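# Provided below for reference: sequence and predicted model.
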Amino acid sequence: MSPVFYVETKGELARMMPTAECCMIAELSAIARSSGRVEMRQNGDEPGPVFEISTENAAVARKIMAFVRSIYQVKPKVRFTRRRGGLPGNQYIVELPGDDGALQVLQDIGVVSQRGGSTSMRNGVPWEVLPRQCCFRCYLRGIFLARGYVQNPEKEYHMEFMTDSAVHARGIVRLAESFSVVPKISRRKKGHMVYVKGGDDVAQLLRVMGAHSAVLTLESVRVIRGVRGDVNRVVNCETANLTKAVDAGLIQVAAIRTIDEFIGLKSLPPGLQEIAGLRLTNPEVTLRELGQMLSPPISKSAVNHRMRRIVDMASRLDDNMG
Ligand SMILES: [Zn+2]
């Protein structure tokens, strides 16, 4: 029951900082909605209700603070306690700034609504704070960081997002649908679970949220699982080479998908476009074999050269779009 894949995925997503303000607001909104609550201030300047967001993950706490600092130019208060129930680690609690200000912040980021003098938690996804598709990604990432889970792909392909509201659950489904994934909803004791099963869907949602290392891990588990049947029929000493070729192929496939998603494969020069298309349909073959599939065929080192350009381009895109 190793949670390593989940912990690493969460860490990767927690460290990822969006640069656009629309995206920061979207992600903060999702986290605040899922992990926030109103508490009475016990000590401090003025007693009264404050909005607190709690997380057991230090990187997520840093992220919440960075969002608040960057969007509102104020430094939020943070404190930490031991986790309850004797669990290891700390619970970090970030307090939203301001007195009535906190309410304004919550309204700005679509967590609460005020009608006729009364304030209530918003039920669904606050679409008005998600003006662009970049914000959809960040909102999903926020929900995942607060109440998401992904199973180790060696066991099972499963990713879930928990929420307390059925309307919100349907909103999360719509967000995923905008990236061509159709999750299911299941009623649970602790709320509503939006989930996907199947390697393609889990990989796509990881990619959408920006967990590129997790995608690579998942894809290599998948292909190695997939080719294992074939490999077993081959002489054993070939396994190591095959696995190596498969790993390299997967890194290239992930790079090609990144390029396709951000700028489209059509924007590549013809030579790169051709090899990218071939690699997508043949993730497991060697560079030499790939070269021989072209007409006229090209050498292994020429294929290698083109692949390097593709992988470089994808990592530059990831850096810019992160
Ligand atoms: Zn955005």
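The structure has been received and is ready for your questions.
# separation between Ile109 and Tyr6?
From Ile109 over to Tyr6 the distance is 26 Å, taken as CB to CB, to the nearest Å. (Each C-beta comes from the backbone N, C-alpha and C, glycine too.)
# Going by how many neighbours each has, rank the two and give me the top one.
Ile109 (24 against 16; other CB atoms under 10 Å).
# which ones are touching the more buried one?
Ile25, Leu28, Ser29, Ala32, Pro126, Val129 (CB atoms under 8 Å, 6 or more residues apart in numbering).
# Give me the buried entries from those residues.
Buried by 16 or more other CB atoms under 10 Å: Ile25, Leu28, Ser29, Ala32, Pro126, Val129, out of those.
# Sitting in helices, which of the residues you listed do you find?
Mapping those onto helices (DSSP state H) picks out Ile25, Leu28, Ser29, Ala32.
# ok, the residue of the chain positioned farthest from its centre to the ion distance?
Residue farthest from the centre of the chain, counting by CA atoms, centre = their mean, is Pro296 at 40.5 Å. To the ion, Pro296 is 45 Å away according to CB to the ion, to the nearest Å.
# Please, which helix or strand holds that residue?
Pro296 belongs to no helix or strand when assigned by DSSP states H and E.
# Start at 699, not 1
Yep, numbering from 699; the last one is Pro994 now.
# Regarding it, what are the backbone dihedral angles?
Here is the backbone geometry of Pro994 (degrees, to the nearest 10): phi -70, psi 160.
# Of the ones in helices among the buried ones among the contacts of Ile807, which is the nearest to Leu963?
Using CB to CB, Ile723 is the member of these that sits closest to Leu963, with 31.7 Å.
# ranges for the helices of this structure?
Applying DSSP H to the chain gives helices spanning 702-713, 719-733, 756-770, 799-806, 831-845, 864-875, 897-907, 910-931, 937-960, 968-979, 985-991, 998-1019.
# Just put those helices in JSON lines and tack on distance to Glu858 and mean pLDDT.
Shown next, in JSON lines, are the helices of the chain (distance: least, CB to CB, whole Å; pLDDT from 0 to 100):
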{"stretch": "helix 702-713", "distance to Glu858": "11", "mean pLDDT": "93"}
{"stretch": "helix 719-733", "distance to Glu858": "13", "mean pLDDT": "95"}
{"stretch": "helix 756-770", "distance to Glu858": "18", "mean pLDDT": "90"}
{"stretch": "helix 799-806", "distance to Glu858": "26", "mean pLDDT": "81"}
{"stretch": "helix 831-845", "distance to Glu858": "9", "mean pLDDT": "96"}
{"stretch": "helix 864-875", "distance to Glu858": "10", "mean pLDDT": "95"}
{"stretch": "helix 897-907", "distance to Glu858": "10", "mean pLDDT": "95"}
{"stretch": "helix 910-931", "distance to Glu858": "15", "mean pLDDT": "75"}
{"stretch": "helix 937-960", "distance to Glu858": "23", "mean pLDDT": "74"}
{"stretch": "helix 968-979", "distance to Glu858": "28", "mean pLDDT": "90"}
{"stretch": "helix 985-991", "distance to Glu858": "37", "mean pLDDT": "90"}
{"stretch": "helix 998-1019", "distance to Glu858": "25", "mean pLDDT": "83"}
